[in-house]
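Enquirer: Sequence plus predicted model, see below.
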Amino acid sequence: MSTPLVAPAGLKNVIVTDTELGDVRGEEGYFHYRGHDATRLAAEVSFEEAWHLMLFGALPSPDGAAAFARRVGEQRVLPGGVLDLLRATVGPGSDPMGALRIAYAALGIGDRPLMDLPEEARTESALRYAAVTPSILAAAHRLSRGDEPLDADPTAGHGADYLRMATGGTDPGDAAALQTYLVATIDHGFNASTFAGRVVASTGSDMASCLLGAVGAFLGPLHGGAPSRALASLDEIGDPANTRDWVRGKITRDEKIMGFGHAVYRTHDPRSELLKRVVSGYDSPLVLQARTVEREIEAAINEIKPGRRLYANVEYYAGVLMSQVGLPPSMFTPTFATARVVGWTANVLEEVRRGKIIRPSAHYTGPTPTA
């Protein structure tokens, strides 16, 4: 009997399966969706077009894009029963992501295991959950503030409608900026939440259960909870002249510098570079501060830890962008989830097709068994 291999901490650089959905090349600072440069997609196509690519494997024709957008719009309308549930459970200051878990669980009542469904029904399930996610999050946000939820507009673009439902904002420039962010964060390799969702999917479970697994991992501050913490760092620093002392303090206390560094990238995060270009279109003190502090943090790290490559990641400018379009920090993680649910569902469908449960082993390090 062969001895099992012991994987490195965090499964770093361990390939666990094949995927046709995309790839992240950390040394190159590049990632793609099904062979299409993801940052180029974010600058050139609608969220619905990128979604179609992830779900069906190809960008749609103009007619196909319009038809898919209509399909998504219809599914974005929040079911009355779910809205009633949110009214009953969301209180002042409630976390919209907590409401999302409740809503997913409610929507999943009666769902059959994905392994028992034909491909068309699996795809419909993926579309239904991903389409209604922004409506759930926007409604929960407004209810937590004592405001009345806004109905979805099935004729509007997905990102623009989410922004309107969450904030009431209808500025086309803000909607375009947000759409760029959403497309750029649909998927990103086997990140923790995607892998968690695929683990559940490998059991053949229903879509709601798969997404609940993904959301549970996503809520961690080292993952989907990072954008608001990155923006909070700018508040802590204040004047960019304070940056180097702030960085020295972080390194001395062995604390993470939120918004900097990445598990895969060893050069500039292409998503961060893209969002930096987008926010540069805003004449804003926050944008100026963010760009100045970014340079100071990189210089300070190079000074204190020579040779250590640590650059701004997507969360750094994501928080800045979302703040500029009117979303409060409590909606940063929900907005991230509005995009990433498309990637989660695409990964769930791919994993279910494999039909093999994920069952790794563990390396026991406890006391020697006595019998």
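Expert: Right, received. Where do you want to start? Numbering: from 1, shown residues only.

Enquirer: Which of the three states applies to P154?
Expert: For P154, the assignment made with DSSP: H, G, I helix; E, B strand; the rest coil gives coil.

Enquirer: Please name the nearest non-neighbouring residue to it.
Expert: Closest residue to P154 apart from its sequence neighbours, by C-beta to C-beta, 6 or more residues apart in numbering: G73 at 3.4 Å. All C-beta atoms are positioned from the backbone trio N, CA, C, and that covers glycine.

Enquirer: That neighbour: how many residues sit nearby?
Expert: By the criterion of other C-beta atoms under 10 Å, G73 has 19 neighbours.

Enquirer: V24 now?
Expert: Counted with other C-beta under 10 Å, residues neighbouring V24 total 20.

Enquirer: Can you tell me the SS state at it?
Expert: Using three-state DSSP, the three-state assignment for V24 comes out as strand.

Enquirer: For this structure, which segments count as strands?
Expert: 22-25, 30-33, 36-37 (DSSP state E).

Enquirer: Make TSV out of these and add distance to V90.
Expert: Shown next, in TSV, are these (distance: least, C-beta to C-beta, whole Å):
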stretch	distance to V90
strand 22-25	34
strand 30-33	33
strand 36-37	38
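
Enquirer: pLDDT wise, what is the residue nearest to P154 at?
Expert: In this model, G73 is scored at 98, pLDDT.

Enquirer: need the contact list for it.
Expert: Going by C-beta atoms under 8 Å, 6 or more residues apart in numbering, G73 touches A152, D153, P154, T155, A156, H158, D161.

Enquirer: and which of those is nearest A312?
Expert: H158 (26.9 Å; C-beta to C-beta).

Enquirer: ok, the closest residue to that closest one other than its chain neighbours - how many residues close by?
Expert: In space, and not counting its chain neighbours, H158 is closest to F47: 4.9 Å by C-beta to C-beta, 6+ apart. For F47, the count of nearby residues is 26 (other C-beta under 10 Å).

Enquirer: pLDDT score for F47?
Expert: 98.

Enquirer: Quick one: residues contacting it.
Expert: Contacts of F47 (C-beta under 8 Å, 6+ apart): G157, H158, G159, Q179, L182, V183, A339.

Enquirer: Turn those residues into a markdown table, columns for neighbour count.
Expert: Formatted as a markdown table, these follow (neighbours: other C-beta atoms under 10 Å):
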| residue | neighbour count |
| --- | --- |
| G157 | 21 |
| H158 | 24 |
| G159 | 26 |
| Q179 | 24 |
| L182 | 25 |
| V183 | 28 |
| A339 | 26 |
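
Enquirer: ok, back up a step: next, give me the two most distant ones among the contacts of G73.
Expert: Across the contacts of G73, no pair lies farther apart than T155 and H158, at 11.3 Å, counting by C-beta to C-beta.

Enquirer: what's the domain layout of this protein?
Expert: According to automatic domain parsing, the chain comprises the domains 34-223+328-354, 226-324.
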